[in-house]
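Student: Quick one, fold the following:
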Amino acid sequence: MSSYVSFFLPSASRVSFSFLETWMVVISLFSTIFPIVNIVRYLSFSLLHNSMVNIVTIAIIIIGIVVSYWQYRKNKQLHQYVQDLQSQVKSQQVKYGKSFEHFIPFIQDFPADREKTVFLGMPLDFIAFEEDAVKFIEVKTGQSQLSPKQKQIKHLIKERKVEWYELRYE
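Tutor: Numbers count the residues shown, from 1 in each chain. Have a look, this model is predicted:
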């Protein structure tokens, strides 16, 4: 009679198993359902054959699992640290750009007369009201790009979809 069959027989006809043999049978039954159980099954079978090679193999597997987990935790911490640094750098770039905008009218290559320029800040930085034109000026630093709203405004200006309204109240 097979030990797997006798394991499920009524208690009167049951063959006595050691703890490790019982564990081995339970693991064998569940190994088809849960693939991770195959590792535990291998470890259980190794314990039954008390050889030095199997003990070393188990020790190497356990050390590998511990080291992998430690590496995972360190990698997760490092990833969080990098994200925090990227956030700080982006914040500094935005602050630099915002403060830089106020000094732009004083540079030599500014495209409008600074006396006729008004600072808006959002959605565009400047509007210059000159004798022959109204100029919309957006300042960008580094690798920053136009926002979707700024792109829309640029498109409307290029398409000459600019209107004038005069409202009077008495």
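
Student: Could I get the full set of strands for this protein?
Tutor: 117-119, 126-129, 134-137 (DSSP state E).

Student: Let's have these in CSV, adding distance to His155 and mean pLDDT.
Tutor: All C-beta spots, glycine's among them, are computed from the backbone N, C-alpha and C. CSV is the format used below for these (distance: least, Cβ to Cβ, whole Å; pLDDT from 0 to 100):
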stretch, distance to His155, mean pLDDT
strand 117-119, 22, 87
strand 126-129, 17, 90
strand 134-137, 12, 90
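
Student: Out of the ones you listed, the one nearest Arg160 is which?
Tutor: Arg160 lies closest, by Cβ to Cβ, to one member of the strands of the chain: strand 134-137, at 12.1 Å.

Student: And the contacts of the closest one?
Tutor: 104, 111-112, 117, 124-128, 153-154, 157 (Cβ atoms under 8 Å, 6 or more residues apart in numbering).

Student: who does that strand pair up with?
Tutor: Strand pairing for strand 134-137, using DSSP bridges, gives strand 126-129 (antiparallel).

Student: Any chance of JSON lines for the strands of the chain, columns mean neighbour count and distance to Lys76?
Tutor: Listed next are the strands of the chain as JSON lines, based on neighbours: other Cβ atoms under 10 Å; distance: least, Cβ to Cβ, whole Å:
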{"stretch": "strand 117-119", "mean neighbour count": "14", "distance to Lys76": "44"}
{"stretch": "strand 126-129", "mean neighbour count": "17", "distance to Lys76": "45"}
{"stretch": "strand 134-137", "mean neighbour count": "16", "distance to Lys76": "45"}
